[in-house]
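# Here is a sequence with its predicted model. Questions after.
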Amino acid sequence: MSVMLRDLSGIEGAIEGGPYPSNLDLVAASLSGKHGPLANFILEELAFCFEEVPEDEMRAMLELREGALSKVDELIEAACANIEENRGHCYRAGDRGEALRIVRDLTGDGRIVIKSFDWLVEEVGVGEGLSEDNEVLDTAVPLAAPSLISRLGEEPLVRRLRDAGLNVSGDVEGFLSRHYRDRLYRAGVGITGVRAVAADPGAMAFLPDSGIDRLVTMTPEVHIILAGLEDVVPTYADAFRLAEFMSKYSPGSYSFLGFVGGPSKTGDIEKRVTYGAHGPREFHVVFVDDGRKNAIKGELGKALICPRASKLPCPDVWPLWDEILGLKLGGGKASGRGSCPFP
């Protein structure tokens, strides 16, 4: 009984060309100019560009990212060492297939899995890859519901959710809120992306765009993080600067900045350190290449250097990502308007 955003693409009128077989195909269609309330939701809530940014501040962020990418192997080595020292676990995946195999092994079967709708999570195909043997829920589904209801009414959404196995009763927004809250507190695994990784001290920076997204990092027993090579920066201060910049100049709504450095722990119980007392007992970080390293020094490296204003790539940058990953899913010419000062 898995429900992902791609399932909503099967609603008539939700998006041109639907239904889409995966969340990644749905993202590609939306960023490539397909229309409909579901595409509008993705563009307005998950894939927007930066608003006007002072040139000196953008340049500082680009230099930070470019400098980090120039020594990315060294930084990932340091990050993994620190993550392991903090009682987390670190993995490296050469491509999305290897990353998915790692996530499958960590997740197992018969679990409730809550996944953040996030660029690398969709690139790897986590939802599709885990849904056969687990119950997988996208955090984006309840967030997308109001957009679909306002344009299409409740009934098509109710029918689609029932087809997916949810016994919807009452108003659909209220039902989804109750269902997700129940599943969050019963979930065994939470899977997210990350906005920045501080190699020293091995800490992850998050900018959740909703309460449910924040809880994915806090509630399930196992927290799995997917990080791209472009997410790693040298220090905690660098990660904070980058996350602050993303929040400050993004048109999105970020009310919370959080850092996670390992499984939850407390020293309140007889002054002995106890792990997993108030959150995840297990903490796993998977660094994913998937074509990034080959792109660093060429024109495509612009997509890696440019910070993201939102969870998904800005539409202006999407054609570069399409080429980096070899997806051939469609997209026009990258302009960089509203995202980075590309020449």
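Yep, it's here.
# hey, let's count contacts and neighbours off CA atoms from now on
Will do.
# List the contacts of the residue nearest the centre of the chain.
Taking CA atoms, centre = their mean, the centroid of the chain lies closest to D118, which sits 2.0 Å from it. Neighbour list for D118: 192-193, 311-312 [criterion: CA atoms under 8 Å, 6 or more residues apart in numbering].
# any idea how far it lies from A68?
Note on D118: its distance to A68, by CA to CA, to the nearest Å, is 22 Å.
# same check, this time on P208
24 Å.
# Surely P37 is in contact with G153?
No. Applying CA atoms under 8 Å, one finds P37 not in contact with G153, separated by 11.4 Å.
# Quick check: buried residues in stretch 30-46?
Of the residues in stretch 30-46, those scored as buried under the neighbour-count criterion (16 or more other CA atoms under 10 Å) are 30-43, 45-46.
# er, stretch 201-211 actually
Of the residues in stretch 201-211, those buried by neighbour count under the rule 16+ other CA under 10 Å are 201-209.
# residues near the nearest residue to A99 once chain neighbours are set aside, how many?
Spatial nearest neighbour of A99, excluding adjacent residues (CA to CA, 6 or more residues apart in numbering): A93 at 5.1 Å. When neighbours are counted by other CA atoms under 10 Å, A93 registers 18.
# Might you report the residue contacts of A93?
Taking CA under 8 Å, 6+ apart as the criterion, A93 is in contact with 99, 286-290.
# Now do the strands in the stretch 51-200 of the chain.
Assignment of strands within the stretch 51-200 of the chain using DSSP state E, counting those that start in this stretch yields the ranges 89-93, 112-115, 135-138, 189-192, 196-200.
# Mean pLDDT and distance to K248 added to the ones you listed, as TSV?
Formatted as TSV, the entries for those read as follows, by pLDDT from 0 to 100; distance: least, CA to CA, whole Å:
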stretch	mean pLDDT	distance to K248
strand 89-93	97	30
strand 112-115	97	25
strand 135-138	96	26
strand 189-192	96	22
strand 196-200	97	15
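# coming back round to it: ok, and the most crowded of the contacts of D118?
Each of the contacts of D118 was scored by neighbours using other CA under 10 Å; the highest score is G193's, at 26 neighbours.
# ok, for that residue, nearest residue in space, not its chain neighbours?
If the residues on either side of it in the chain are set aside, G193 comes closest to L226, at 4.9 Å by CA to CA, 6+ apart.
# Give the partner strands of the helix or strand containing that neighbour in its sheet and their orientations.
When secondary structure is defined using DSSP states H and E, the element that contains L226 is strand 222-228. Strand pairing for strand 222-228, using DSSP bridges, gives strand 189-192 (parallel), strand 282-288 (parallel).
# Report the next helix or strand after that strand in sequence order.
On the C-terminal side of strand 222-228, the closest following helix or strand by DSSP H and E is strand 232-235.
# chain center to that following strand: distance?
Averaging C-alpha positions (CA atoms, centre = their mean, to the nearest Å) puts strand 232-235 19 Å from its chain's average.
# Direction included, what does that strand pair against?
strand 196-200 (parallel).
# Pull the distance from the strand it pairs with to the chain's centre.
Centroid separation for strand 196-200 versus its chain: 17 Å, with CA atoms, centre = their mean.
# CA atoms only for that strand - export them in CSV, please.
Extracted as CSV, the C-alpha positions of strand 196-200 are listed here (Å, rounded to 0.1, in the frame of the first residue of the first chain):
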residue,chain,number,x,y,z
ALA,A,196,24.7,20.5,2.8
VAL,A,197,27.2,18.1,4.4
ALA,A,198,29.9,19.5,6.7
ALA,A,199,32.9,17.1,6.3
ASP,A,200,34.2,18.4,9.6
